[in-house]
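J.: Sequence isn't available, so here's the structure alone:
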């Protein structure tokens, strides 16, 4: 499976002002560093919990459908924009009526509706393309508060190097852990 980020998040799950208040910083000297830590922290959180925080559009390429439902690589899924199969020299979108997006399962999935099976692509590699939007919502305000609080602790741990680093990162992971999608 190949994944391409089509549209990155337009906002981060915590603001620079929140981070500066949390760290008790009242000057702009560290703003560039803190903005980088916010981005890195979001990515660390997303990797740890295997979920996306703020609205972002992804494209997934598969070689085949596999057996049963087609699982999407992240959650939460806000929408599926397109499911397309390579046919006649290009990707042809499937009708949205031919599949159902199941967001109630442990991992979001597409379920074939007509019972006929998924159409086969004409090429053996990356012949199935799915474009979808993942994340809790469009802004930081829709990200669960404990994920945001964990992010502040993770940033604090990175910013204040020393013995507090490990403690802050453990606090962050403790707040993130209930959201973690564990794969077996």
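T.: Right, received. Where do you want to start? Values in this document were obtained by computation on a predicted structure and should not be read as measured data.
J.: ok, now which ones touch residue 122?
T.: By Cβ atoms under 8 Å, 6 or more residues apart in numbering, the contact set of residue 122 is 86-88. Just so you know, the C-beta spots here come from the backbone N, C-alpha and C atoms, and that holds for glycine as well.
J.: one more time with 10 Å, if that's ok
T.: 85-89, 92 (Cβ atoms under 10 Å, 6 or more residues apart in numbering).
J.: measure residue 149 to residue 43 for me?
T.: 17 Å (Cβ to Cβ, to the nearest Å).
J.: the more surrounded of the two?
T.: Set side by side, residue 149 and residue 43 show more neighbours around residue 149, with 16 against 11, by other Cβ atoms under 10 Å.
J.: ok now the lengthiest helix in the chain, how far from the chain's centre?
T.: Taking DSSP state H as the criterion, the chain has its longest helix at helix 31-49. Computed by Cα atoms, centre = their mean, to the nearest Å, the chain-centroid distance of helix 31-49 equals 13 Å.
J.: for it, what is the average pLDDT?
T.: For helix 31-49, mean pLDDT rounds to 96.
J.: for that helix, packing partners?
T.: helix 16-23, helix 145-159, helix 163-176 (3 or more Cβ pairs under 10 Å, 6 or more residues apart in numbering; DSSP states H and E).
J.: Point out the most buried one among these.
T.: When those are scored by mean count of other Cβ atoms under 10 Å, the highest mean neighbour count falls to helix 145-159 (a mean of 21).
J.: pLDDT below threshold where in the protein?
T.: 183-184 (pLDDT under 70).
J.: and the residue most central in space within the chain, which of the three is it?
T.: Ranked by distance to the mean C-alpha position of the chain (Cα atoms, centre = their mean), the top residue is residue 52 at 2.3 Å. Three-state assignment for residue 52 (DSSP: H, G, I helix; E, B strand; the rest coil): coil.
J.: how about it, phi and psi?
T.: phi -100, psi 140 (degrees, to the nearest 10).
J.: Wait, residue 130 touches residue 73, no?
T.: Yes - the criterion here is Cβ atoms under 10 Å, and residue 130 meets it with residue 73 at 9.3 Å.
J.: Overlap in contacts, those two.
T.: 1, 58, 60, 62.
J.: Give me the sheet partners of the helix or strand harbouring residue 101 and which way each runs.
T.: Assigned by DSSP states H and E, residue 101 falls within strand 99-102. When pairing is defined by DSSP bridges, strand 99-102 lines up against strand 109-112 (antiparallel).
J.: relative to helix 31-49, how tilted is the helix or strand just after the partner strand?
T.: Using DSSP H and E, the helix or strand that directly follows strand 109-112 along the chain is strand 128-134. Using axes from the mean of the first three to the mean of the last three Cα atoms, to 10 degrees, the direction of strand 128-134 lies 120 degrees away from that of helix 31-49.
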